[in-house]
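Student: Generate a structure from the sequence data that follows.
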Amino acid sequence: MIVITGATGSIGRALVAQLAGRDVLAVSRTPADLGARHAVGDFTRPETIGGLLSPGDRLFLNSSPFPGFAERLNEVIDLAAEAGVAQIVEVSVRDAAPGAALSAGPHGEVDEHLRASGVPHAVLQPTGFMQNLLGEVRGDRFHGSWGTGGMNYIDARDIAAVAAALLTRPVGESGSYLLTGPESPTHEEIAATMTGVLGRPVSYVDLPVPEMAARLAGQGIPEPFATELATTQATLSRTGWAEITTTVEEVTGRPPRTLAAFVADHADAFLPAS
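Tutor: So this is what the prediction gives:
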């Protein structure tokens with residue numbers, strides 16, 4: 001059985017759909033109709049997930065950070081090892097390391113624990129999600145502190161495709177997989193792509209870190225997270241998440257989706273200003 005946690009998220013939903021016809025158990029905090037067998041499990045109560053696991057299962061470990069994230073996911077890893085699962089495929093983040101900024105820090109702690117667990121595993125380390133752009137574009141513009149540096153985004157459906165391949169083939173050697181999209185445009189170039197695909201002007205507005213932090217705080221993101229997020233944007237613009245790998249194609253047999261293809265597929269979600 002393949003146990004998919006985080007089944008209602010962008011990656012989880014895509015993975016459940018891609019594994020249609022397989023012996024899948026979709027797990028989320030609340031009941032959901034995902035077209036697959038479903039169970040309720042909550043990372044804040046690791047036993048609710050550990051209790052679903054049996055010897056030989058394959059576990060997809062996927063969650064957004066929350067208070068106590070690393071400790072709770074590490075408990076799930078320990079319970080999975082005790083249950084005798086055959087493999088854990090975990091979604092981490094690019095440059096994850098204990099003590100790193102934002103989600104990279106707690107993800108790094110989970111990565112280290114998984115590598116030391118003795119369970120065969122694959123650590124997926126994607127760049128930014130194209131799906132995040134859906135919430136950033138408001139009407140005819142979006143804002144950031146990205147500067148003029150290139151930034152790599154990957155479609156969550158391609159992350160799911162890598163996970164699906166790893167979870168359905170014979171368990172291989174444990175390792176990490178740096179996952180990227182096929183291009184690393186600047187945010188002005190992203191706006192130009194949106195303009196071309198959507199058929200209406202979309203612009204990117206670059207802001208100094210303090211102004212972007214204030215904007216994020218105004219949207220309800222608490223300090224100091226708002227400042228840390230804006231600072232990380234500016235830092236990535238300089239140090240780069242622009243490296244492109246061929247991992248998606250090597251694992252799945254097809255190249256990852258382009259930004260233009262993503263925008264076209266989600267054109268209805270990029271609503272014009274009212």
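
Student: Okay, Ala191 and Tyr204: tell me how far apart.
Tutor: 4 Å (C-beta to C-beta, to the nearest Å). (Glycine included, C-beta is placed from N, CA and C.)

Student: Which residues are in contact with each of those two?
Tutor: Common contacts of Ala191 and Tyr204 (C-beta atoms under 8 Å, 6 or more residues apart in numbering): Arg141, Phe142.

Student: Okay, strands next: where are they in the chain?
Tutor: 2-4, 24-28, 37-40, 58-61, 87-91, 121-126, 128-129, 141-144, 153-154, 175-179, 203-206 (DSSP state E).

Student: now those strands in TSV, with distance to Gly218 and mean pLDDT?
Tutor: Below are the strands of the chain laid out as TSV (distance: least, C-beta to C-beta, whole Å; pLDDT from 0 to 100):
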stretch	distance to Gly218	mean pLDDT
strand 2-4	36	98
strand 24-28	31	96
strand 37-40	35	95
strand 58-61	34	98
strand 87-91	30	98
strand 121-126	28	98
strand 128-129	22	92
strand 141-144	11	91
strand 153-154	24	96
strand 175-179	32	97
strand 203-206	15	95
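
Student: Give me the neighbour count for Gly128.
Tutor: 18 (other C-beta atoms under 10 Å).

Student: start to end distance for stretch 113-131?
Tutor: One end of stretch 113-131 sits 28 Å from the other (C-alpha to C-alpha, to the nearest Å).

Student: buried set for stretch 147-162?
Tutor: Across stretch 147-162, burial judged by 16 or more other C-beta atoms under 10 Å covers 147, 149-162.

Student: Please apply the same query to stretch 213-232.
Tutor: Ala213, Ala214, Arg215, Leu216, Ala217, Ala226, Thr227, Leu229, Ala230, Thr231, Thr232.

Student: Make a markdown table out of these and add pLDDT.
Tutor: Output for those, formatted as a markdown table (pLDDT from 0 to 100):
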| residue | pLDDT |
| --- | --- |
| Ala213 | 89 |
| Ala214 | 91 |
| Arg215 | 89 |
| Leu216 | 87 |
| Ala217 | 87 |
| Ala226 | 85 |
| Thr227 | 88 |
| Leu229 | 85 |
| Ala230 | 88 |
| Thr231 | 87 |
| Thr232 | 83 |
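
Student: Tell me how many other residues crowd His266.
Tutor: Around His266 there are 15 residues (other C-beta under 10 Å).

Student: can I assume it is in contact with Asn132?
Tutor: No. Shown here, His266 and Asn132 do not form a contact pair, counting by C-beta atoms under 8 Å, at 11.8 Å.

Student: Where do the helices of the stretch 101-250 of the chain begin and end?
Tutor: Per DSSP state H, counting those that start in this stretch, the stretch 101-250 of the chain carries helices over the ranges 104-115, 132-136, 156-168, 187-198, 209-218, 225-239, 247-252.

Student: Can you add distance to Ser64 and give those back as CSV?
Tutor: Converted to CSV, the helices of the stretch 101-250 of the chain look like this (distance: least, C-beta to C-beta, whole Å):
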stretch, distance to Ser64
helix 104-115, 10
helix 132-136, 12
helix 156-168, 12
helix 187-198, 23
helix 209-218, 17
helix 225-239, 13
helix 247-252, 22
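
Student: and the helix or strand of the chain with the lowest mean pLDDT, what other elements does it pack with?
Tutor: Lowest on mean pLDDT, DSSP states H and E among the helices and strands of the chain sits helix 225-239, with a mean of 80. Under the contact criterion of 3 or more C-beta pairs under 8 Å, 6 or more residues apart in numbering; DSSP states H and E, helix 225-239 touches helix 209-218.

Student: List of residues touching the helix it packs on?
Tutor: With C-beta under 8 Å, 6+ apart, helix 209-218 has contacts from His143, Gly144, Ser145, Leu207, Glu223, Ala226, Thr227, Leu229, Ala230, Thr231, Gln233, Ala234.

Student: angle of that helix against helix 225-239?
Tutor: Angle, helix 209-218 to helix 225-239, by axes from the mean of the first three to the mean of the last three C-alpha atoms, to 10 degrees: 140 degrees.

Student: which stretches of this protein have low pLDDT?
Tutor: Along the chain, the model assigns pLDDT under 70 to residues 237-240, 273-274.

Student: I'm done for today, thanks for sticking with me.
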